[in-house]
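In: here is my input, please return the structure:
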Amino acid sequence: MKIESIDVLKAKEQLDLQEATRRDDAFNQLLSINEQLTNLPLFPSLCWAWTFDIIKDIFDNNAEVGYDEAIAEGVTLKQIFDKFYEDCDKLGLSMDHGGEILEETIRDWMRENDFIVALDDDGWLDD
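Out: Numbers count the residues shown, from 1 in each chain. The predicted structure follows:
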């Protein structure tokens, strides 16, 4: 029979307390997110949240190493959202499409609206 020291037992108890706190914090955050999505005046709200997250991620990670495109100079996230709000129904976005297709569709839309431009003038965006 293995007997653990009091210090080991306390460490396990502390870890359990930390995990329980993390779990409870996540639960409360998810409740808050659910309430916010329920009250969002857009439908389907989860699809809007997902597509906005994609747009914001592209915007926030502007001109990452390895990409040959970037957000056009002077363009704001609000300008992109305003145009996306106008065009969203025409894009036919659905959560059924999955993340890769949604991102590809949004990137194409951003290129078409000159929110994303080529870093080098190699003509690939003219196609």
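In: any idea of the pLDDT on the residue positioned nearest the centre of the chain?
Out: Most central in the chain under C-alpha atoms, centre = their mean is D53, positioned 2.8 Å from the mean C-alpha point. Predicted confidence (pLDDT) for D53: 95.
In: please, which helix or strand holds it?
Out: Secondary structure assignment for D53, by DSSP states H and E: helix 45-60.
In: how far is that helix from where the chain is centred?
Out: Centroid separation for helix 45-60 versus its chain: 5 Å, with C-alpha atoms, centre = their mean, to the nearest Å.
In: what's it packed up against?
Out: Helix 45-60 makes packing contacts with helix 6-39, helix 77-91, helix 99-112 when contacts are defined by 3 or more C-beta pairs under 8 Å, 6 or more residues apart in numbering; DSSP states H and E. Placement of C-beta: from N, CA and C, glycine included.
In: what comes up buried for that helix?
Out: Across helix 45-60, burial judged by 16 or more other C-beta atoms under 10 Å covers 47-48, 50-52, 54-55, 58-59.
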